[in-house]
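Novice: Need the 3D shape of this:
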Amino acid sequence: MRNVIAIAHKELRSYFASPIGYIFLGFFALIYGYFYVTMLDYFVRMGMQAQFGGGGPAQNVNQTMIRPLLQNVTIVLLFFGPMITMRSYAEEKRSGTIELLLTSPVTDTEVIIGKFIGAWALWAIALLISMVHIGLLFAYGRPEWKPILTGYLGLFLMGGCFISAGLFISSLTNNQIVAGVITFAVFLFLWIINWIGSFSGPTVDQVTQYLSIVQQFDDFAKGVLDTSHLIYYVSFIALGLFLTAKSVDSERWRA
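Specialist: Numbering: from 1, shown residues only. Modelled structure (predicted):
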């Protein structure tokens, strides 16, 4: 466990030894802030219209603002998620340090889990930054905390899925750009797979709805904690790490 923690700490520090960590967190905070202000402005306008214009019942801040806001965060993860993992193994191969890593007195499993936790921690930091905005809502309003908690849990788990898949893809190449592009393509496929199923028969549609990584998040955003969604995300993470282990093992044999 000590080796895993040491590798995770080293991996997290490496993001801030280069501009990647700062760029990722900076753009995430900027785009999240834009979505937050836009959704807040819409919520205020709808509330004013309902109160003074007789336009309907009072708006619910969780349904009208927070839920669409968290769903928009998944779009940010789609575009900026590849930045987190594209260098994990590709940079090791490019710089030649992969041989040192493979011959070090740590197991492949410890290295993979350590790299995964380090990358996942960067995503957790991004989510913690966004919670500052959510805290303002609690300071000036009364949103329900349970849907927010489940929504952030869903985002955290979705990020873990993307990171595990990104580690596997990064382990297949020594070029960061190639790893980033392929990772984005895989993320995009997982994003739109339910659209593909909607043009097929009901059986295919049902399968693609379940395989859609975004579709699994909808209930989290609604405040519903379904064990089937938890199993999906945990299984996805485990599969990504398993494939990474097999890829690294093959690299060891080639070395």
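
Novice: mind listing the strands for the stretch 101-250 of the chain?
Specialist: Ranges of strands in the stretch 101-250 of the chain, per DSSP state E, counting those that start in this stretch: none exist.

Novice: Give me the below-cutoff pLDDT ranges for it.
Specialist: Residues of the stretch 101-250 of the chain meeting the criterion pLDDT under 70: 101-104, 197-201.

Novice: Does Ile163 touch Gly81 like I think?
Specialist: Yes: counting by CB atoms under 8 Å, Ile163 touches Gly81, with 7.4 Å between them. (Glycine included, C-beta is placed from N, CA and C.)

Novice: Overlap of the contact sets of those two?
Specialist: Listed as contacting both Ile163 and Gly81 by CB atoms under 8 Å, 6 or more residues apart in numbering are Trp123.

Novice: which residue sits closest to Leu211, ignoring its sequence neighbours?
Specialist: Nearest residue to Leu211, sequence neighbours excluded (CB to CB, 6 or more residues apart in numbering): Ile193, at 5.5 Å.

Novice: Hmm, that neighbour is touching Thr208, no?
Specialist: Yes: here Ile193 reaches Thr208: they are 4.9 Å apart, a contact under CB under 8 Å.

Novice: and Val248, what does it touch?
Specialist: Shown in contact with Val248 (CB under 8 Å, 6+ apart): Tyr89, Leu102, Asp108, Val111, Ile112, Ser171.

Novice: And for Pro143?
Specialist: Counting by CB under 8 Å, 6+ apart, the residues that Pro143 touches are Val61, Asn62, Ile66, Ile134, Leu137.

Novice: who's in contact with the first one?
Specialist: This points to Val61. So Val61 contacts Phe43, Leu137, Gly141, Arg142, Pro143 (CB under 8 Å, 6+ apart).

Novice: Now the buried members of the residues you listed.
Specialist: Buried by 16 or more other CB atoms under 10 Å: Phe43, Leu137, out of those.

Novice: just to revisit the earlier point, give me the number of residues near the residue nearest to Leu211?
Specialist: By other CB atoms under 10 Å, the residues close to Ile193 number 18.

Novice: Distance check, it against Cys161.
Specialist: Remark: distance between Ile193 and Cys161 (CB to CB, to the nearest Å) = 13 Å.

Novice: Which pLDDT value belongs to the residue nearest to Ile113 when sequence neighbours are not counted?
Specialist: Distances taken as CB to CB, 6+ apart place Val4 nearest to Ile113, at 5.2 Å, with adjacent residues excluded. pLDDT for Val4: 86.

Novice: Relative to Lys246, how far out is Val4?
Specialist: On the measure of CB to CB, Val4 and Lys246 end up 19 Å apart.

Novice: more neighbours, the two?
Specialist: Counted by other CB under 10 Å, Val4 and Lys246 do not tie: Val4 has more neighbours, with 20 against 13.

Novice: so how far is Val248 from that one?
Specialist: Using CB to CB, Val4 is found at 15 Å from Val248.

Novice: what's the answer for Ala121, then?
Specialist: In this view, Ala121 and Val248 are 20 Å apart by CB to CB.
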